[in-house]
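K.L.:
Got a sequence here, can you build the structure:
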Amino acid sequence: KGVLLYGPPGTGKTLIAKAIAGEAGVNFMAVNGSDFENKFVGVGADKVRKIFAEAKKNAPCILFIDELDAIGCKRSDYDTSYSRQTLNQLLGCMDGFDASDGVFVFAATNAPDALDPALLRPGRFDSRFAVGLPDTAKDRMAVIKLYLKNKKIDETVSIETLAKQTIGCSPAAIEAIINEAAIE
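P.N.:
Have a look, this model is predicted:
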């Protein structure tokens with residue numbers, strides 16, 4: 001039912017989910033985990049119910065929850081009742097539909113170890129994919145070429161050199177470098 005994309009910030013987890021929706025020709029709905037946070041009991045849970053109902057109306061679709069850890073952290077005795085209720089509602093909504101409803105839930109997190117085990121059990125986010133930093137110059141070169149589209153570059157600029165100099169950079173960081181250089 002659910003696909004969890006995890007990895008460092010800026011690696012393109014959201015873009016992957018959008019691309020999958022585009023390739024599949026289905027609607028894409030995105031929310032942030034913090035959108036469900038509220039200090040009043042019941043409000044976050046109500047938001048969860050509404051977004052799942054909206055997803056069913058827009059089926060077939062991918063419902064993408066970014067920063068899942070904002071509502072899906074491991075529960076403890078110190079949790080507030082509103083945060084616990086929101087997570088419980090998310091668990092219940094994921095149990096309340098199947099693939100025949102045409103809603104596929106994708107989520108992203110930078111902190112998979114912080115997630116409540118109930119989210120990761122079979123039937124919920126049981127498909128998990130690591131989205132890491134581009135670890136080879138070839139991978140970084142592909143990212144650089146993508147972000148250089150529609151940009152004028154000086155003929156003295158070496159894309160190969162830039163790819164070698166951006167070791168450890170996320171695609172978002174590479175995009176920022178290119179955009180900053182374009183301003184100069």
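K.L.:
Quick check: chain neighbours aside, which residue is closest to the residue most central in space within the chain?
P.N.:
Closest to where the C-alpha atoms of the chain average out (Cα atoms, centre = their mean) is residue 108, at 3.2 Å. Closest residue in space to residue 108, ignoring its immediate chain neighbours: residue 13 at 3.8 Å, by Cβ to Cβ, 6 or more residues apart in numbering. Quick note: C-beta positions are derived from backbone N, CA and C, even for glycine.
K.L.:
is it true that residue 159 touches residue 148?
P.N.:
Yes. With contact defined as Cβ atoms under 8 Å, residue 159 reaches residue 148; the gap is 7.4 Å.
K.L.:
Which positions within the helix or strand residue 45 falls within qualify as buried?
P.N.:
Using DSSP states H and E, the element containing residue 45 is helix 43-57. Neighbour-count burial for helix 43-57, counted by 16 or more other Cβ atoms under 10 Å, picks out 44-45, 47-48, 51-52, 55-56.
K.L.:
contact partners of stretch 9-16?
P.N.:
Contacts of stretch 9-16 from elsewhere in the structure, counted by Cβ atoms under 8 Å, 6 or more residues apart in numbering, are 5-7, 30, 64, 66, 108, 110, 131-133, 170-173.
K.L.:
which of those residues are buried?
P.N.:
For those, a burial check counting by 16+ other Cβ under 10 Å picks out 5-7, 30, 64, 66, 108, 131, 133, 170-173.
K.L.:
Phi first, then psi, for the closest residue to residue 32 other than its chain neighbours.
P.N.:
Closest residue to residue 32 apart from its sequence neighbours, by Cβ to Cβ, 6+ apart: residue 66 at 4.9 Å. Note on residue 66: its backbone torsions stand at phi -90, psi 150 [degrees, to the nearest 10].
K.L.:
What ranges does the protein have for its helices?
P.N.:
13-24, 43-57, 69-72, 81-95, 117-120, 137-148, 159-165, 171-183 (DSSP state H).
K.L.:
Most tightly packed of these?
P.N.:
Each of the helices of the chain was scored by mean neighbour count; the highest is helix 69-72, a mean of 24, by mean count of other Cβ atoms under 10 Å.
K.L.:
Tell me the helices and strands packed up against that helix.
P.N.:
Helices and strands touching helix 69-72, by 3 or more Cβ pairs under 8 Å, 6 or more residues apart in numbering; DSSP states H and E, are helix 81-95, strand 103-109.
K.L.:
Out of those, name the one with the poorest average pLDDT.
P.N.:
For the helices and strands packed on helix 69-72, mean pLDDT drops lowest on helix 81-95, to a mean of 83.
K.L.:
mind checking how far the closest residue to residue 33 other than its chain neighbours is from residue 1?
P.N.:
Sequence neighbours aside, residue 70 is the residue nearest to residue 33 in space, at 3.1 Å (criterion: Cβ to Cβ, 6+ apart). In this view, residue 70 and residue 1 are 20 Å apart by Cβ to Cβ, to the nearest Å.
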